[in-house]
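Build the 3D model from these lines:
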Amino acid sequence: MRYIDTHTHLDFPVFAADRTAVIEQARRSGVTRLVVLGVSQTNWREVWDLSQRETCVYAALGLHPVFVEAHRDEHLTELREWLGQLAGNPKCCAVGEIGLDYFVKGLNRERQQHLLEAQLALAADFDLPALLHVRRAHAPTIALLKHVKLRRAGIVHAFSGSQEEAREYIRLGFKIGLGGAATWPQAKRMHRVLAQLPIDSLVLETDSPDMAPAFYPHQRNTPGNLPRICEILAMIRQEPADVLARACLQNSCELFGWDPSAMC
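Numbering: from 1, shown residues only. Next up is the predicted model:
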C-alpha cells in the first residue's frame, strides 16, 4: 500500500540528527509523499530547502496561530512574496499551517482572526489549499470559511470536533485529517465521529514529531507510523485497511492535484 502523510514538521530540530533516515524509513513503509508545513517566517526557508533536497517532500508555508505573538504584518507581506515567487512550482502545495487556537490560554484571538483572514485570502489569490489548525474554534473558523469560499478548500488537521462540525467542513469541500490521536482507546467521542465520516472526506497524517499514536506512546512520532495508524482507524471504522488507505491516497491526490499513479 501507498500513503501520503499530509501533515508533518520534519524540519524541526528533533529530526536534525537523523532526518534523512526518517524519510527513508517512511519510504520503506510505503509513505510516498510527505507534506512539511511552515509555522513561522523563521522556518519557511528550512521547509522549502528540505522540499528541494528530498524528492518526496512537499512544502506548505504559513503562520501558525500558537505563535501569534511572534508574527508581524510584514510577515504576511513576505508570505505573499514567497507564494508569488513559487507560483506554479509543484513543490509549493498549500498555505499552512494556519488557523485558530482557542485552547492555549493567553493567545490574542482578534490577532489570530486577522492573520487567518489574511492567509485565507492568500490561499484564494494563489489558488492553493489551506491546511488548518483548529482547536476549540470550529464555529468561528467555519463562519470565516463560508465567507471566503476557497476553490480548492483544504484540510482540517487533527480533527477532534463533532459530527455536525465535520459535516460543515465537508460541505465546504474540506478534507478531515486523522492521525495518532484517534488511535488511543480513550478517544471514544472521536471514534464515534470517525465511524460516521464519509470515506471520500478523509486524509491521513502524523503531525510528526507530535501526536504520538497509542502503539508508540510518549515518543517522537514519525511518518513511518502512518500504515499502522491507518490500520487502527480502519478497525474503528470497521472496514478493510487497504480500502481506507486507497481512499485517503486518492483524496490527498485530488486535493493537491497529484497523479496517484505517479507517486515517488
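
would you list every one of the strands in the protein?
For the chain, applying DSSP state E gives strands covering 3-8, 31-37, 57-61, 92-101, 130-135, 154-157, 175-178, 202-204.

Pull up the pairing partners for the fourth one, direction included.
What that stands for is strand 92-101. strand 57-61 (parallel), strand 130-135 (parallel) (DSSP bridges).

what angle separates the longest one from strand 3-8?
What separates the directions of strand 130-135 and strand 3-8 is an angle of 60 degrees, with axes from the mean of the first three to the mean of the last three C-alpha atoms, to 10 degrees.

roughly how far out does strand 130-135 sit from the chain middle?
Here the centre of strand 130-135 is set off from its chain's centre by 7 Å, with C-alpha atoms, centre = their mean, to the nearest Å.

Ok, the shortest one next?
With C-alpha atoms, centre = their mean as the basis, the distance from the averaged C-alpha position of strand 57-61 to the chain average is 10 Å.

Could I get the full set of helices for the protein?
Taking DSSP state H as the criterion, the chain contains helices spanning 19-28, 44-53, 73-86, 109-125, 138-148, 163-171, 188-196, 226-237, 241-256.

tilt between the second one and strand 31-37?
What that stands for is helix 44-53. Relative orientation of helix 44-53 and strand 31-37, computed by the same axes, to 10 degrees: 160 degrees.

Rounded mean pLDDT for helix 44-53, please.
The average pLDDT within helix 44-53 is 98.

Go through that helix and flag the buried ones.
44, 46-48, 50-51 (16 or more other C-beta atoms under 10 Å). Heads up, the C-betas are built off the backbone N, CA and C, glycines and all.

possible to save these as CSV with distance to Phe215?
CSV is the format used below for the buried residues of helix 44-53 (distance: C-beta to C-beta, whole Å):
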residue, distance to Phe215
Trp44, 33
Glu46, 30
Val47, 28
Trp48, 33
Leu50, 27
Ser51, 29
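
with the residues you listed in mind, which one is nearest to Arg152?
Distance to Arg152, by C-beta to C-beta, is smallest for Ser51 among the buried residues of helix 44-53, at 19.0 Å.

tell me the pLDDT at the nearest residue in space to the closest one that is not next to it in sequence?
Closest residue in space to Ser51, ignoring its immediate chain neighbours: Ala59 at 4.0 Å, by C-beta to C-beta, 6 or more residues apart in numbering. pLDDT, Ala59: 98.

before we move on, what about Ala17?
Confidence at Ala17, expressed as pLDDT, is 98.

give me phi/psi at it?
phi -80, psi -30 (degrees, to the nearest 10).

how near is it to Gln25?
14 Å (C-beta to C-beta, to the nearest Å).

more crowded one of those two?
Between Ala17 and Gln25, Gln25 has the larger neighbour count (other C-beta atoms under 10 Å), namely 15 against 9.

For that one, which non-adjacent residue is spatially closest?
Using C-beta to C-beta, 6+ apart and skipping residues adjacent in sequence, the residue nearest Gln25 is Gly224, 4.5 Å away.

tell me the contacts of the one you found?
Each residue near Gly224 by C-beta atoms under 8 Å, 6 or more residues apart in numbering is listed here: 22, 25-26, 28-29, 31.

Check Val39 too.
Contacts for Val39 (C-beta under 8 Å, 6+ apart) come out as 9, 62-64, 66-67, 97.

how about a cut-off of 10 Å?
Listed by C-beta atoms under 10 Å, 6 or more residues apart in numbering, the contact set of Val39 reads 9, 11-12, 47, 60-67, 70-71, 96-98, 133.

ok, Asn251 touching Thr6?
Yes - with contacts counted by C-beta atoms under 10 Å, Asn251 reaches Thr6, the gap being 9.2 Å.

neighbour count winner among the two?
Higher neighbour count among Asn251 and Thr6: Thr6, with 34 against 21, using other C-beta under 10 Å.

Sounds good, over and out.
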